[in-house]
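[1] pasting the structure only:
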């Protein structure tokens, strides 16, 4: 701990307070907490704030707390709470860790929840206080902590390129020449912007896609079985979640791949627990689609504010249903449910998929901001680690994990943690 932090730390449970007047005469009170558990009393206020600023479920209190339980490890959490006249105007939960790549390491700071689980987030700061909150946050990091690189992001597509550029410009203005601020595009994210009704959604689609959807439902009707779509409840959640995982893995194992729950460390245990917790808050939307009595597909999703966050899916692989185009039908069933709940968007997470674009999905770029310390020792560590990560990515990820391991007659195991932790910093 001593070689990681250089601050004079307040006792855990107290929170370190600092009141700073900004140049705009907006008085901001900031507190820094060393534990998520001590913030449990403000859980409702935390979640309400994340919703009010257009954030994602992935920065709500329970999500952060559960993520930290599984992925905190030897990392060190710090939660920055900002208030203006007692009103919450910013929450920035971060963690600091040493990332080792062979003999070299970097001291990195990242947002809680932004590795291991493939999520994107918005920066949870009230827009009217963005400059003041960022100034206090960055000055605290510079004054009290030792670090080589700070990663803000990955920012969700809806957060927007303009907002990301604004944050980057403010960081440059606040930090000056002692730091190198880089804005980086790191993939794309698919969204469905939903219409006000099912009929309006269908009307927006190209003629060929409308025809394909009708044909898929006619094929199902010809089977003489009813198509039923229902969400998991408190009573049937354990069974439905286990069935979903089994179907998801069976599909990917059939093509020589592990699937999400095998590829990512602790993914099964983390998602089972976080889903159960969010179900109690009426946010889980684990959709089961059945053909008669037979489950044929699942959509693992969360609803938060005006959005569905669609995490993973599964569908039955069987010759008996090969002609039904289940992937399309299950997605359309999810769209129906989202429209019924007056959702405005379905966040279909990272990646671009042709079948989603054909059904109305649109891609938006994902951005992040990387801030590098400019000192000689930090620069040397960063360049060495960047080179080592390039080598790791080529040899381990591209050659072994993607090409060789899927052809071998045994499970390849989850992705290496060093690769996961380093990816957003050096890829």
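    The structure has been received and is ready for your questions. What you are looking at is a predicted structure, and each value in this text was computed from that prediction instead of being measured.
[2] Going by C-alpha atoms from here, please, whenever you check contacts or count neighbours.
    OK.
[3] I'd like to check what contacts stretch 176-187. Which residues are they?
    Under the criterion Cα atoms under 8 Å, 6 or more residues apart in numbering, residues 154, 164-165, 168, 171-172, 350-351, 365-375, 424 lie in contact with stretch 176-187.
[4] Low-confidence stretches in the stretch 101-250 of the chain?
    Nowhere does the stretch 101-250 of the chain drop to pLDDT under 70.
[5] quick one: the strand or helix carrying residue 199 to chain centroid distance?
    Element membership of residue 199, judged by DSSP states H and E, is helix 198-204. Centroid separation between helix 198-204 and its chain, computed with Cα atoms, centre = their mean, to the nearest Å, is 29 Å.
[6] Can you list the buried residues in that helix?
    Within helix 198-204, the residues that qualify as buried are 198, 201, 202, counting by 16 or more other Cα atoms under 10 Å.
[7] For burial, what's the neighbour tally of residue 146?
    Residue 146 is flanked by 18 other residues according to other Cα atoms under 10 Å.
[8] nope, residue 374 is what I was after
    Residues lying near residue 374 (other Cα under 10 Å) number 16.
[9] ok, for it, nearest residue in space, not its chain neighbours?
    residue 179 (5.1 Å; Cα to Cα, 6 or more residues apart in numbering).
[10] So residue 91 belongs to a strand, correct?
    Yes: assessed by DSSP: H, G, I helix; E, B strand; the rest coil, residue 91 belongs to a strand.
[11] Distance of it relative to residue 250?
    40 Å (Cα to Cα, to the nearest Å).
[12] One more: residue 71?
    Taken as Cα to Cα, the span from residue 71 to residue 250 is 26 Å.
[13] before we move on, what about residue 67?
    From residue 67 to residue 250 the distance is 26 Å (Cα to Cα).
[14] okay, the two: which has more neighbours?
    Neighbour comparison, residue 67 and residue 250: the larger count goes to residue 67, with 23 against 19 (by other Cα under 10 Å).
[15] For the more buried one, give me its contacts.
    112, 113, 270, 274.
[16] List the buried residues in stretch 48-60.
    Under the neighbour-count criterion of 16+ other Cα under 10 Å, stretch 48-60 has 49, 50, 51, 53, 54, 55, 56, 57, 58, 59, 60 buried.
[17] Check stretch 139-158 too.
    By neighbour count on 16+ other Cα under 10 Å, the buried set for stretch 139-158 is 140, 145-158.
[18] nearest to residue 102, of these?
    When the buried residues of stretch 139-158 are compared for distance to residue 102 (Cα to Cα), residue 148 wins out at 17.2 Å.
[19] now the strands for the stretch 101-250 of the chain?
    104-111, 149-155, 179-193, 227-231 (DSSP state E, counting those that start in this stretch).
[20] Mind splitting the chain into its structural domains?
    Split into domains by automatic domain parsing, the chain comes to 16-187+366-426, 195-343.
[21] re the thing from before, name the residues that touch the helix holding residue 199?
    Helix 198-204 is contacted from outside by 194, 195, 210, 336, 339, 360, using Cα under 8 Å, 6+ apart.
[22] of those, buried ones?
    194, 195, 336, 339, 360.
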